[in-house]
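Visitor: Dropping a prediction and its sequence here:
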Amino acid sequence: MYKWAKPRLAQNWPLLCKAAPQIAKKFKEIPDVLRKFMGLKGKFRARLSSNETGQKTIPSSLMSVVSDCVVERIELGEEVNYHLVKNILAEAIDQWNHAVRGVRLQLTDPEFVLKEVAKECPKELHSDQDVEQAIESVQKRVDEHLQEVQLKKHAQRLCRKCGILLTQNSKPGRHLPFHHPQMEKVRTWVNYQIASGAVNGQLLANFDQVWSLLYRPASRTLRQSSSVPDPHSKELSLRKIRHCIQRVMDLPLTESFEPKPSDGIRQVQGGPAGHSPVESYRIPRTLTTLSWADGAMGRGFVTCKSDHMSEKDRNQANQELAKWLYIAPLQSKTHIWSSETMLTFLDFMAGELRARRRELNLDISQKAMIVCDMASQHSSKKFAALKEAWSQQHNAVLICGDSEVMAIPGGWGAAGGPNDGWHQYAHKLTSVYHSLAIQWGETLELRKRLSELNVSPQGSISTKQLGRKC
């Protein structure tokens, strides 16, 4: 308040005296939190309060022990986050402080100190100063008492140093790594069957299922906000200071800190883009892909629910798309595979196996091998005899979770199943085709003109099903 004219105007003390007279009277210099808000550079460093004892820097040896504990839990497959790392760090600090208190208590015993001095200084001590220095060296071995301050930041810093980062866990499941002993066992056995001539390597196939929708909406789209973004949206203290200054100077309030009454109205996510999806885009279906060991692809096997397609449409689609896929008989309850679906697929697989042998000029004496993952639909005991009869009739070995010759382990699909490895790429290609089919491409040439858009009676864009006009 009694600053000279130049610093008073440069630091805007008149505004501070008018808006917050108690703060202006208490401090001789503007605090750093106000300096940041008023557009001034920071001047002071953070000071430790007088009642804080102990060090805040965690020793590297203790950090190494905590990191080993965290990594061990991660390798076991547990869900680990920053809160767990913080709690492990707090427990380690408690154990550290307990050990420090125990050693300090022992240092009060003269006999213990003299024994430690004898270990540190095996030579004879010639003067009192030598004895005093030896005792000080023993006492300095006791690390300082640690203080539990900002453990979450220490936990985050520890994870960054050890390369432990947050990763998305959108599809959890136990998958075996590529070099797991069970995976090596399956690959070794398959290679031995091919090398010994028991199975023809060109007739080695894998099939796997993947879910798909009629259209897959984008997870993130641009949306215009009705308000200008607040530069201090993440700093509550600065927003409160700004609110006090605006009230004192009778300025329009940027925001009100009064609790808003709950009207119970939920907000729709996605904005206008969430109101105009593709019609019937949530119709699910299961696509079973078939691939051979040399990279050749078989036809697709599609299952869907009877509510989403008529028998007439199914027959027409099978005639038009017979070269690329086959739509199985419609299921009454769900599109997901069941043990009965496995039998239908084996009939389809018999035709694919005959076509493969004709393509390679091989007769039925050449044994084939069909490999699939350990799904319950593949390993149903109810139809075990029928699967065995199918294998003998078509001279093929069907390897799944309940096979007697070689059982596929659980978690084999991600690193062992060839089809499972490229299904995500198939999803991306399908999404690109869907965007082009409904003319929602990323360039103006692939978009409809505004005058060509069909608007539904509800006011949103009327989209079309893929391959059909409105």
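Guide: Looks like it came in fine.

Visitor: hey, let's count contacts and neighbours off CA atoms from now on
Guide: Noted.

Visitor: how about the helices of the stretch 251-400 of the chain, start to end?
Guide: Using DSSP state H, counting those that start in this stretch, the helices assigned to the stretch 251-400 of the chain run over residues 311-320, 339-360, 384-393.

Visitor: Helix 384-393 and the second one, what's the angle between them?
Guide: In other words, helix 339-360. 10 degrees (axes from the mean of the first three to the mean of the last three CA atoms, to 10 degrees).

Visitor: ok, residues contacting helix 339-360?
Guide: For helix 339-360, the external contacting residues (CA atoms under 8 Å, 6 or more residues apart in numbering) are 203, 298-299, 301, 328, 363-364, 376-378, 380, 383, 387, 390, 394.

Visitor: V210: helix or strand, and which one exactly?
Guide: strand 204-213 (DSSP states H and E).

Visitor: Check which element follows that strand along the chain.
Guide: Tracing the chain past strand 204-213, the next element assigned as helix or strand by DSSP H and E is helix 236-248.

Visitor: re earlier: now render the helices of the stretch 251-400 of the chain as CSV, adding mean neighbour count, mean pLDDT and distance to A90.
Guide: Shown next, in CSV, are the helices of the stretch 251-400 of the chain (neighbours: other CA atoms under 10 Å; pLDDT from 0 to 100; distance: least, CA to CA, whole Å):
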stretch, mean neighbour count, mean pLDDT, distance to A90
helix 311-320, 12, 92, 63
helix 339-360, 15, 92, 51
helix 384-393, 14, 89, 55
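
Visitor: Out of the ones you listed, which gets nearest to L151?
Guide: helix 339-360 (52.4 Å; CA to CA).

Visitor: ok, M369 - contacts?
Guide: Counting by CA under 8 Å, 6+ apart, M369 touches V199, N200, L203, L204, A205, A396, V397, L398, I399.

Visitor: among those, which two are most distant?
Guide: Using CA to CA, the two most remote members of the contacts of M369 are N200 and I399, lying 14.8 Å apart.

Visitor: picking up where we left off before, could you spell out the sheet neighbours of the strand holding V210, each with its direction?
Guide: Strands that pair with strand 204-213, judged by DSSP bridges, come out as strand 284-292 (antiparallel), strand 368-371 (parallel).

Visitor: Show me how far the longest one is from its chain's centre.
Guide: Right, strand 284-292. Chain-centre distance of strand 284-292: 25 Å, with CA atoms, centre = their mean, to the nearest Å.

Visitor: do the same with stretch 379-391
Guide: With CA atoms, centre = their mean, you get 38 Å for stretch 379-391.

Visitor: What lies in contact with it?
Guide: S339, L343, L346, V397, L398, C400, G401, D402.

Visitor: Share the number of residues neighbouring the last one, please.
Guide: Yep, that's D402 we're talking about. Using other CA atoms under 10 Å as the criterion, D402 is surrounded by 19 other residues.

Visitor: returning to that earlier point: ok, of the contacts of helix 339-360, which come out buried?
Guide: Among the contacts of helix 339-360, those classed as buried by 16 or more other CA atoms under 10 Å are L203, G298, R299, F301, A328, Q377, H378, S380, K387, W390, H394.

Visitor: Dump those to a markdown table, plus distance to D250.
Guide: Below are these laid out as a markdown table (distance: CA to CA, whole Å):
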| residue | distance to D250 |
| --- | --- |
| L203 | 83 |
| G298 | 75 |
| R299 | 74 |
| F301 | 71 |
| A328 | 73 |
| Q377 | 72 |
| H378 | 74 |
| S380 | 76 |
| K387 | 83 |
| W390 | 86 |
| H394 | 88 |
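
Visitor: Report the distance from stretch 217-237 to the chain centre.
Guide: Counting by CA atoms, centre = their mean, stretch 217-237 is centred 23 Å from the centre of its parent chain.

Visitor: For the helix or strand where V100 lies, enumerate the helices and strands it packs against.
Guide: Assigned by DSSP H and E, V100 belongs to helix 82-106. Packing contacts for helix 82-106, counted by 3 or more CA pairs under 8 Å, 6 or more residues apart in numbering; DSSP states H and E, involve helix 60-75, helix 151-161.

Visitor: what about the following helix or strand past the last one, average pLDDT?
Guide: Downstream of helix 151-161, the next assigned helix or strand under DSSP H and E is helix 181-195. Per-region confidence: helix 181-195 scores 91 on mean pLDDT.

Visitor: how far off strand 204-213 does helix 181-195 point, in degrees?
Guide: Per the same axes, to 10 degrees, the angle that helix 181-195 makes with strand 204-213 is 130 degrees.
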